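1. Here's a sequence, model it:
(one chain, ligands or ions: 1)
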Amino acid sequence: AKASRKVQEPGVTASLWEWSWRSVASECPRLAKIGYDGVQVAPPQDSVKRTATGNGSDAYLHPWWEVYQAVDYGLTSRMGDEQQFRDMVTDCREAGVKVYVDAVINHTTGQGNLSYGGKSYTPYTYADAGYVPEDFHYNVGACPSADGGIADFNNKTEVWNCNLVGLEDLRTETPKVQATLAAYLNKLLRYGVSGFRVDAGKHMAPADLDAIYDRLRPTVDGKRPYWALEIGAGSPGVLSPEAYTEHGDVLGLDGVKQIYGAFRSYEGSDRQGDISGLATFGSGSGLTRSSRTMSFVTNHDTNHDAANALTYKEGDQYLLATEWLLADGYGSPQVFSSFTFGADANQGPPSDDEGIIDRASCSNGRWTCDHAKAGVAAMVRFHQYVGSAGKRHVDDDEQNVLAFSRGTKGWAGFNNNTSARTITVKTGLKKGTYCDTLTGGESDGVCAGTTVKVDKKGRATVVLPARGAVAFTKKDRL
Ligand code: AAO
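-> Numbers count the residues shown, from 1 in each chain. Here you go, the predicted structure:
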């Protein structure tokens, strides 16, 4: 039978970033129960295993970023071994959760000489992957910068051919490199993976990305693999996220900044911003179109950039923003969930002395488990229930308050102020008493939290808690 050209859609995913394979496997039944369609996992290929620390900010022997330095495409990593990876994919699929992989295909490593898989290497020579010096842009004179690095992020030749932060840049335009990378991705697809987050997508020419994608087999479900390109914000023209939407979905990194700007405003602060301004979030606010975007409040990079993104450290505000994004419907929303860390942004996940990551626990304070928090889980269900129903009855009259319906299927109101607000709005829903899903929800016809009365004109007066929200759908009618 001819393979379908239909691309796997990710739906709602959780990024259980740097969770070990065994931990992801045991979490998948809960992800399914909450209503997640998929899980995204950290880079599984073999990577550098550091043997010494550096100076100043390079004090961690096993920082989180080791896994972004590929050595070969064996699947022994900080998160587990190849069998554990395969078992995780099988277990998650059996639970009904699809698995997406962070694919590091732009470069190899830029330091060290030993990998988690026990392989030794020297710069530009990786026997197990089959790479020799001529497989890298730097060694064939293709990078024009003086030191081989990217000096100008607005210059496409440098961005595509030079070494990003010293990471050895592969000649992704050659059939040999393309075949090597496609063999890696095809192995993952054979194991049941449904698609990829393409790391450093901006650092590969679009034609190279297309050529690699064209070499991919279908997923085990007979679809074209999902392909989400990481296009770091801020570069113009052919390097812009918009330009790359011709070649895949893109990560909503500009959206991260808009969300941050809107939420990090509160009474009595000198920081300005206003969540009511998110009424037009999406293509209406200059972002890539919804159908081409994976949206999120933060990811593993912006998580360390508290000046430009909301992170778990903001607590209620981070959760409120996550809940709002799930209600809004822009893009394919992804909820980031990983480990807690201190002041040094290089700190790695809880692990043993060898860098092997501990089992994730939602009760020892080392893992945020934001994907499973009650409010987030309730809004995943809301998101799935309202589907593609349009945003209607938008109420953005008051500072830091935003409310809207999703067609006639659900209504949600958000308040980013530090005290409660009462609003009277059109809900789009029919007359009745509804149970707010965020303050406890309903079971056996009894509502644990707030109830909202909708009159025969579809209007309701709702009290939005401080830094909180109220949301209900048609099926929450008592
Ligand atoms: C580590 C060490 C390095 C060492 C290297 C090699 O830290 O000192 O040289 O090893 O030995 C991660 C870590 C790196 C780490 C690396 C490898 O973040 O610190 O290096 O693993 O272990 C650019 C890229 C984008 C990239 C991002 C970090 O375009 O692809 O930098 N993200 C991915 C991953 C990331 C990973 C890698 C790539 C490498 O998600 O985790 O690195 O595999 C501007 C540019 C962007 C640029 C950013 C950040 O953006 O336009 O393209 O992203 O700067 O440098 C506003 C501005 C916008 C700016 C943005 C920054 O939006 O408008 O212009 O802020 O937030």
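2. pLDDT on stretch 27-47, on average?
-> Averaged across stretch 27-47, pLDDT comes to 98.
3. Please apply the same query to stretch 362-369.
-> Computed over stretch 362-369, the average pLDDT equals 97.
4. what's the span of that stretch, first residue to last?
-> Terminal residues of stretch 362-369 are spaced 6 Å apart (Cα to Cα, to the nearest Å).
5. Equivalent analysis for stretch 67-85, please.
-> 15 Å.
6. With stretch 308-323 instead?
-> 19 Å.
7. distance between that stretch and the chain's centre?
-> 14 Å (Cα atoms, centre = their mean, to the nearest Å).
8. ok, then the element right after the helix or strand bottoming out on mean pLDDT in the chain?
-> None of the helices or strands of the chain scores lower by mean pLDDT, DSSP states H and E than strand 442-443, at a mean of 84. Per DSSP states H and E, the first helix or strand lying C-terminal to strand 442-443 is strand 446-447.
9. Output the contacting helices and strands for that following strand.
-> Packing partners of strand 446-447 (3 or more Cβ pairs under 8 Å, 6 or more residues apart in numbering; DSSP states H and E): none among the helices and strands. (C-beta placed from N, C-alpha, C; glycine too.)
10. quick one: contacts of it?
-> Residues from elsewhere that reach strand 446-447 (Cβ atoms under 8 Å, 6 or more residues apart in numbering): 435, 436, 440, 441, 478.
11. Can you show me the helices along the stretch 251-400 of the chain?
-> Remark: helices assigned in the stretch 251-400 of the chain by DSSP state H, counting those that start in this stretch are 253-263, 316-328, 374-386.
12. coming back round to it: partners of the least confident helix or strand of the chain, with directions?
-> If you go by DSSP bridges, strand 442-443 pairs up with strand 446-447 (antiparallel).
13. And for residue 329, the neighbour number?
-> 20 (other Cβ atoms under 10 Å).
14. got the contact list for it?
-> 290, 383, 386, 388, 391, 406.
15. 10 Å - rerun?
-> Residues near residue 329 by Cβ atoms under 10 Å, 6 or more residues apart in numbering: 281-282, 290, 295, 383, 386-391, 404, 406.
16. do the same with residue 326
-> 12, 295, 297, 333, 335, 375-384, 386, 412, 471.
17. now do residue 27
-> Going by Cβ under 10 Å, 6+ apart, the list of residues near residue 27 reads 14, 16, 19, 36, 39, 88, 91-92, 95, 97, 337, 360, 362, 369, 371-372.
18. Okay, residue 145 and residue 5: tell me how far apart.
-> Look at residue 145 and residue 5: by Cβ to Cβ, to the nearest Å, they are 40 Å apart.
19. With residue 211 instead?
-> Distance of residue 211 to residue 5, computed by Cβ to Cβ: 17 Å.
20. backbone phi and psi for the closest residue to the ligand within the stretch 251-400 of the chain, please?
-> Of all residues in the stretch 251-400 of the chain, residue 301 sits closest to the ligand, at 4.5 Å by Cβ to the nearest ligand atom. When read as degrees, to the nearest 10, the backbone of residue 301 gives phi -80, psi -60.
21. So between residue 145 and residue 5, which is more surrounded?
-> The residue with more neighbours, out of residue 145 and residue 5, is residue 145; 16 against 8, by other Cβ under 10 Å.
22. Where does that one sit: helix, strand or coil?
-> coil (DSSP: H, G, I helix; E, B strand; the rest coil).
23. Quick one: low-confidence residue ranges for the stretch 251-400 of the chain.
-> 266-272 (pLDDT under 70).
24. Show me which residues of it are close to the ligand?
-> 257, 300, 301, 305, 308 (Cβ under 6 Å from any ligand atom).
25. just checking, next helix/strand downstream of the longest helix along the chain?
-> What stands out as the longest helix in the chain, according to DSSP state H, is helix 175-190. Toward the C-terminus, helix 175-190 is succeeded by strand 195-198 as the next helix or strand (DSSP H and E).
26. Can you show me the CA trace of that next one as PDB?
-> Extracted as PDB, the C-alpha positions of strand 195-198 are listed here (Å, rounded to 0.1, in the frame of the first residue of the first chain):
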ATOM      1  CA  GLY A 195       8.400  12.700  14.800                       C
ATOM      2  CA  PHE A 196      11.100  15.200  15.700                       C
ATOM      3  CA  ARG A 197      12.000  18.500  17.200                       C
ATOM      4  CA  VAL A 198      14.900  19.500  14.900                       C
END
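27. is the ligand contacted by that strand?
-> No. Strand 195-198 stays clear of the ligand (Cβ under 6 Å from any ligand atom), getting no nearer than 8.7 Å.
28. model confidence over that strand, on average?
-> Strand 195-198 comes out at a mean pLDDT of 98.
29. In a strand, residue 452, correct?
-> Yes. Counting by three-state DSSP, residue 452 falls inside a strand.
30. Run through the residues that contact it.
-> Contacts of residue 452 by Cβ under 10 Å, 6+ apart are 411, 413, 427, 429, 432-436, 460-463, 470-472, 476.
31. any idea how far it is from residue 72?
-> Counting by Cβ to Cβ - residue 452 and residue 72 are separated by 57 Å.
32. Which strands or helices does the strand or helix carrying residue 15 pack on?
-> Element membership for residue 15, per DSSP H and E: strand 13-16. For strand 13-16, the packing partners by 3 or more Cβ pairs under 10 Å, 6 or more residues apart in numbering; DSSP states H and E come out as helix 21-34, strand 38-41, strand 98-103, strand 195-198, strand 332-337.
33. just the strands in the stretch 201-350 of the chain please.
-> Here the stretch 201-350 of the chain has its strands, by DSSP state E, counting those that start in this stretch, at 226-229, 249-251, 293-295, 332-337.
34. Next, format these as JSON lines and append mean neighbour count.
-> As requested, the strands of the stretch 201-350 of the chain are exported to JSON lines (neighbours: other Cβ atoms under 10 Å):
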{"stretch": "strand 226-229", "mean neighbour count": "25"}
{"stretch": "strand 249-251", "mean neighbour count": "26"}
{"stretch": "strand 293-295", "mean neighbour count": "25"}
{"stretch": "strand 332-337", "mean neighbour count": "26"}
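35. Just put the ones you listed in JSON lines and tack on distance to residue 202.
-> Shown next, in JSON lines, are the strands of the stretch 201-350 of the chain (distance: least, Cβ to Cβ, whole Å):
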{"stretch": "strand 226-229", "distance to residue 202": "8"}
{"stretch": "strand 249-251", "distance to residue 202": "9"}
{"stretch": "strand 293-295", "distance to residue 202": "15"}
{"stretch": "strand 332-337", "distance to residue 202": "19"}
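36. Quick one: closest of those strands to residue 43.
-> Nearest of the strands of the stretch 201-350 of the chain to residue 43, taken as Cβ to Cβ: strand 226-229 at 14.1 Å.
37. Give me the mean pLDDT for that closest one.
-> 98.
38. so which helix or strand takes in residue 466?
-> Going by DSSP H and E, residue 466 is not in any helix or strand.
39. Please disregard the earlier target; I meant residue 469.
-> Taking DSSP H and E as the criterion, residue 469 maps to strand 468-473.
40. and that strand, which strands flank it?
-> strand 410-415 (antiparallel).
41. Specify the angle between the strand it pairs with and helix 253-263 in degrees.
-> 60 degrees (axes from the mean of the first three to the mean of the last three Cα atoms, to 10 degrees).
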